[in-house]
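[1] I need the structure of the sequence given here:
(one chain, ligands or ions: 1)
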Amino acid sequence: MTATPWQHIQLTALGGPEMLQLVTEPTLPEPGPAQVRVKVLTAGTGFTDTIIRRGQYPGVKQKPPFTPGYDWFGVVDALGSGVSTLQPGDCVADMPVIGGYTQYLVADAGRVIHCPAGLNPAEAVCMILSYTTAWQMLTRECSLQPGDSILVHAAGGAVGTALLELARELGLTVYGTASSGKHELVRSFGATPIDYHSTDFVAEINRLTGGRGVQAVFDTIGGHNWARSYRCLAKGGKLVGFGALQLTTGEESVAGLLWGFAKLLGLWRCLPDGRQTGFYNIQSRREKHPQEFRDDVMTLMQWLKEGRLHPAVAEVRPLAEAAEVHRLIDAGAVPGKIVLDCQA
Ligand SMILES: NC(=O)c1ccc[n+]([C@@H]2O[C@H](COP(=O)([O-])OP(=O)(O)OC[C@H]3O[C@@H](n4cnc5c(N)ncnc54)[C@H](OP(=O)(O)O)[C@@H]3O)[C@@H](O)[C@H]2O)c1
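    Next up, the predicted model:
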């Protein structure tokens, strides 16, 4: 046992940001056989962490207390027996869904992703949940060609800005819904912002595309919104649902969302209008295709290293400020993504 005090955030009970508390441990965790101990440099934050905190995320069955944190980036600190593929000091990353808000953790050596050296840790952690979600939706859920146009909802958020930047790299024309305070950010990625508070985005897409519609819509807002997004599609286009933000904020009922799913995954697929629909979930896709997930994260880390990507890191905050960061996310007040510096 190594008597080095270290800290992590603990969710003490489901509920508000005040349930996130900093806890100090007296000794470092020891890696078992085929495991590594990781010194976590950065942890990502985002809307998904806040719904896990409230107990509204179907993919987490564990009851508090636990350490939240969907993804992390760090360096190997110690090797368990039998590990030959990694060395202390190697950069690694993972998406455990919970567990990232910590200074140290133990992980299976075969699960973590060995990343290139020399990355900015705040930018690197954006490549995991936010950018891989965006990348897989753009390239694995859809068949888009340069010159195609897409609509991105929540375009000023963590996944939204990732979609904007990657779509620009793929040569797509992008429209994005966001509140007016995030329009400059949306424009900075070469996209056209639509203020969803003051404008009917269906009419606006109709106007902006000359009535043709877009080849894909990425919609995390919810069932009622999915119906409106469907109306924005060109023939041959695809609506990808990937969340139900308005359910978690209370703006949509469970019944409304279920009806939305019935249309997204059933009714609309039967319509002979040439449009497609689907729902994307990064966690279940990784479980089915683990190598694909590794390949996609590595592609994005490499692009980051080459300077092709500049994620919208709004702020880097110390680990101890996790509760305050959740307050900002709950208020919809984060342009891009806030990253936690776990060693600050
Ligand atoms: N399925 C998956 O695999 C997967 C993976 C990652 C994330 N997600 C989901 O993706 C969503 C976004 O996550 P995130 O971390 O990027 O969130 P985020 O950074 O917190 O962004 C969410 C933003 O959505 C905007 N918004 C709220 N209502 C809106 C509406 N009606 N129309 C358009 N924009 C609206 C708000 O900004 P403004 O109102 O100020 O514009 C808010 O800040 C969450 O629901 C998350 O659970 C799903």
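
[2] Every contact and neighbour count from this point should use C-alpha atoms.
    Fine.

[3] In this structure residue 191 contacts residue 177, no?
    No - under the criterion of C-alpha atoms under 8 Å, residue 191 lies out of contact with residue 177, with a separation of 10.1 Å.

[4] Would you mind naming what in this structure lies close to the ligand?
    46-48, 129-130, 133, 153-154, 156-160, 177-179, 196, 220-221, 242-245, 280-282, 329, 332-334, 336-337 (C-alpha under 6 Å from any ligand atom).

[5] how close does the residue lying closest to residue 15 once chain neighbours are set aside sit to residue 324?
    In space, and not counting its chain neighbours, residue 15 is closest to residue 54: 4.7 Å by C-alpha to C-alpha, 6 or more residues apart in numbering. Distance, residue 54 to residue 324, by C-alpha to C-alpha, to the nearest Å: 15 Å.

[6] Then residue 44?
    On the measure of C-alpha to C-alpha, residue 44 and residue 324 end up 14 Å apart.

[7] If residue 241 is in a bridge, with which residues?
    residue 219, residue 279 (DSSP bridges).

[8] Return the residues in contact with it.
    Contacts of residue 241 were listed using C-alpha atoms under 8 Å, 6 or more residues apart in numbering, and they are 218-220, 222, 226, 264, 277-280.

[9] Leaving out chain neighbours, which residue sits closest to residue 78?
    residue 37 (5.0 Å).

[10] Can you get me the start-to-end distance on stretch 206-226?
    16 Å.

[11] And for stretch 104-114?
    With C-alpha to C-alpha as the measure, the first residue of stretch 104-114 is 17 Å from its last.

[12] Ok, stretch 4-20 next?
    23 Å.

[13] Centre of the chain to it, how far?
    Its chain's C-alpha centre and that of stretch 4-20 lie 21 Å apart, by C-alpha atoms, centre = their mean, to the nearest Å.

[14] avg pLDDT for that stretch?
    The average pLDDT within stretch 4-20 is 97.

[15] For the stretch 1-150 of the chain, which segments count as helices?
    Along the stretch 1-150 of the chain, counting by DSSP state H, counting those that start in this stretch, helices occupy 47-54, 121-126, 129-139.

[16] What are the contacting residues of the longest helix along the chain?
    Using DSSP state H, we find that the single longest helix of the chain is helix 290-305. Here helix 290-305 makes contact (C-alpha under 8 Å, 6+ apart) with 113, 115-116, 118-119, 123-124, 127-128, 131-132, 135-136, 286, 309-310.

[17] Now the buried members of these.
    113, 115, 119, 123-124, 127-128, 131-132, 135-136, 309 (16 or more other C-alpha atoms under 10 Å).

[18] nearest to residue 61, of those residues?
    Closest approach between these and residue 61, by C-alpha to C-alpha: residue 128, at 21.8 Å.

[19] Hmm, that closest one is touching residue 70, no?
    No - with contact defined as C-alpha under 8 Å, residue 128 does not count as touching residue 70 (9.1 Å).

[20] Please enumerate the shared neighbours of these two.
    residue 95.

[21] If I look at the closest residue in space to residue 83 that isn't next to it in sequence, what pLDDT would I see?
    Distance criterion C-alpha to C-alpha, 6+ apart; nearest residue to residue 83, sequence neighbours excluded, is residue 34 at 5.3 Å. Looking at residue 34, its pLDDT reads 98.

[22] who are the neighbours in contact with residue 34?
    Here residue 34 is in contact with 79-83, 108-110 (C-alpha under 8 Å, 6+ apart).

[23] let's go with 10 Å and repeat that
    79-85, 107-110 (C-alpha atoms under 10 Å, 6 or more residues apart in numbering).

[24] go on, residue 233?
    Per C-alpha under 10 Å, 6+ apart, neighbours of residue 233: 149-151, 202, 205-206, 211-217, 239, 274-276.

[25] separation between it and the ligand?
    Distance, residue 233 to the ligand, by C-alpha to the nearest ligand atom, to the nearest Å: 17 Å.

[26] got the domain boundaries for this protein?
    6-129+300-341, 142-279 (automatic domain parsing).

[27] possible to save those as CSV with distance to residue 290?
    CSV is the format used below for the domains of the chain (distance: least, C-alpha to C-alpha, whole Å):
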stretch, distance to residue 290
domain 6-129+300-341, 9
domain 142-279, 19
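
[28] residues near residue 199, how many?
    For residue 199, the count of nearby residues is 11 (other C-alpha atoms under 10 Å).

[29] and if you look at residue 195?
    17.

[30] looking at it, it is touching residue 181, isn't it?
    Yes - proximity of residue 195 to residue 181 meets the contact threshold set by C-alpha atoms under 10 Å, at 9.4 Å.

[31] least trustworthy helix or strand in the protein by mean pLDDT?
    Least confident element among the helices and strands of the chain, by mean pLDDT, DSSP states H and E: helix 268-270 (a mean of 86).

[32] Just the strands from the stretch 51-200 of the chain, written as ranges.
    Counting by DSSP state E, counting those that start in this stretch, the stretch 51-200 of the chain has these strands, from start to end: 72-79, 91-94, 104-108, 113-114, 149-152, 173-177, 192-194.
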